[in-house]
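Q: Sharing a model that was predicted from the sequence below.
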Amino acid sequence: MRIPRAACINDLSGFGRCSLTTAISVISAAGVQVCPVPTAILSKHTGFDSFYFSDLTDCMPPYTTDWRELEFDGIYSGFLGSVKQIKIVENFINEHKSDKITPYIIVDPVMGDKGRLYPTYTLEMQREMRSLVSRADLITPNITEACFLTGTEYTGEEISISFAEELIKKLAFLGCGQIVLTGIVKDSNIVNMTFSDGNIAIDKRYRESRVFSGTGDIFASVVCAFILKGASVAEAVEKAGKFISLSIENTLKLGTPLSEGVVFEPVLHMLRDI
Ligand code: PXL
């Protein structure tokens, strides 16, 4: 059996279950090889009051140059901290687009949430992220990110289906072939809307009132793994929705703090056949 191989570009936060910690666990458990490219190391994610941070931008070009002869079935990028890092990811994609195996490119444009950009996100980074998403086969923005990418006014997480479709159209106009717009609030549900091959699909799950950090990273990691295993985007999104619901159910039972993220360890084994 051939194991698909994914290059994952993201930061490594030692505590708090997000970014590479999540990607490595989740994608491996789903049966896909993960090759991490760390963009920075943090002792904890930025939602904690204190954390140690060290930027690894200058390590990235020699690190990825040493991988020139490796071929990847997929390249998945998450949180990026500067214009320089976004450009490094674009170069890495360009270098591997001509490989015998053309990698499937997933860009999770981690830029902000609840109508606000992360404080590190400059205007120049927004411009550069628009260029990066145009190179992707699939992007997974939340509503905030979709609004910033398309220059649309943010009106909250509760949007109509026609507004969501409008956002998707604008994102497609930027050049993204397949899009999952995540986190649309509809009454007591959370809806993820998939646009793929000209079709729209909806995945609806019961919405927990508490929001755990790192959920977006679990979502993109599950989607990445199952697409590389041959699932359609809509199928992969359904699996991600199911896995997140299962993990959150488990977390609520344990009662751990929201900042520690979703306790997925006890259910990781279920990813194989979810
Ligand atoms: O889950 C997104 C994320 C990734 N990386 C770092 C973060 C966060 C969210 O807070 O702090 C460092």
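A: Thanks, I have it.

Q: Using CSV, write down the CA coordinates of the helix ranked longest in the chain.
A: Longest among the helix segments of the chain by residue count, using DSSP state H, is helix 233-254. Output for helix 233-254, consisting of C-alpha atoms alone and laid out as CSV, is shown next (Å, rounded to 0.1, in the frame of the first residue of the first chain):
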residue,chain,number,x,y,z
VAL,A,233,-13.8,17.7,-1.1
ALA,A,234,-17.4,17.3,0.1
GLU,A,235,-16.7,13.8,1.5
ALA,A,236,-13.6,15.1,3.3
VAL,A,237,-15.5,18.0,4.8
GLU,A,238,-18.2,15.6,6.1
LYS,A,239,-15.5,13.5,7.8
ALA,A,240,-13.9,16.6,9.3
GLY,A,241,-17.3,17.7,10.7
LYS,A,242,-17.9,14.2,12.2
PHE,A,243,-14.5,14.0,13.8
ILE,A,244,-14.7,17.5,15.3
SER,A,245,-18.1,16.8,16.8
LEU,A,246,-16.8,13.5,18.3
SER,A,247,-13.7,15.2,19.7
ILE,A,248,-15.7,18.1,21.2
GLU,A,249,-18.2,15.8,22.8
ASN,A,250,-15.2,14.1,24.5
THR,A,251,-13.6,17.4,25.5
LEU,A,252,-16.9,18.6,27.1
LYS,A,253,-17.1,15.4,29.2
LEU,A,254,-13.5,16.0,30.4
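
Q: Could you name the helices and strands sitting against it?
A: Packed against helix 233-254, as judged by 3 or more Cβ pairs under 8 Å, 6 or more residues apart in numbering; DSSP states H and E, are the following elements: strand 178-186, strand 189-196, strand 199-206, helix 215-228. Every residue, glycine included, has its C-beta placed from N, CA and C.

Q: Give me whichever of these is most buried.
A: Scoring the helices and strands packed on helix 233-254 by mean neighbour count under mean count of other Cβ atoms under 10 Å gives helix 215-228 as the most buried, with a mean of 27.

Q: now that one against helix 233-254, angle please.
A: Helix 215-228 runs at 140 degrees relative to helix 233-254, counting by axes from the mean of the first three to the mean of the last three Cα atoms, to 10 degrees.

Q: The residue of the stretch 51-200 of the chain found nearest the ligand and C147, how far apart?
A: Sorted by distance to the ligand under Cβ to the nearest ligand atom, the residues of the stretch 51-200 of the chain start with F79, at 3.8 Å. Taking Cβ to Cβ, to the nearest Å as the measure, F79 falls 18 Å from C147.

Q: The two: which has the busier surroundings?
A: Of the pair F79 and C147, F79 is the one with more neighbours under other Cβ atoms under 10 Å, namely 25 against 20.

Q: sec struct for the more buried one, please.
A: F79 carries the three-state label coil when classified by DSSP: H, G, I helix; E, B strand; the rest coil.

Q: Settle this for me: it is touching D11, isn't it.
A: Yes: distance between F79 and D11: 5.3 Å, which falls inside the contact criterion (Cβ atoms under 8 Å).

Q: what is in contact with those two at once?
A: In terms of Cβ atoms under 8 Å, 6 or more residues apart in numbering, F79 and D11 are both contacted by the residues 19, 39.

Q: quick one: the strands in the stretch 1-150 of the chain?
A: Remark: strands assigned in the stretch 1-150 of the chain by DSSP state E, counting those that start in this stretch are 5-13, 33-42, 53-55, 74-77, 104-107, 112-113, 116-117, 138-139.

Q: Y206 is nearest to which of these?
A: Nearest to Y206 among the strands of the stretch 1-150 of the chain is strand 112-113; the distance by Cβ to Cβ comes to 20.3 Å.

Q: Do the closest one and the ligand come into contact?
A: No: with Cβ under 6 Å from any ligand atom as the measure, strand 112-113 is seen stopping short of the ligand, the closest distance being 8.4 Å.

Q: Which phi and psi values does V211 adopt?
A: In terms of degrees, to the nearest 10, the main-chain angles of V211 are phi -110, psi 120.
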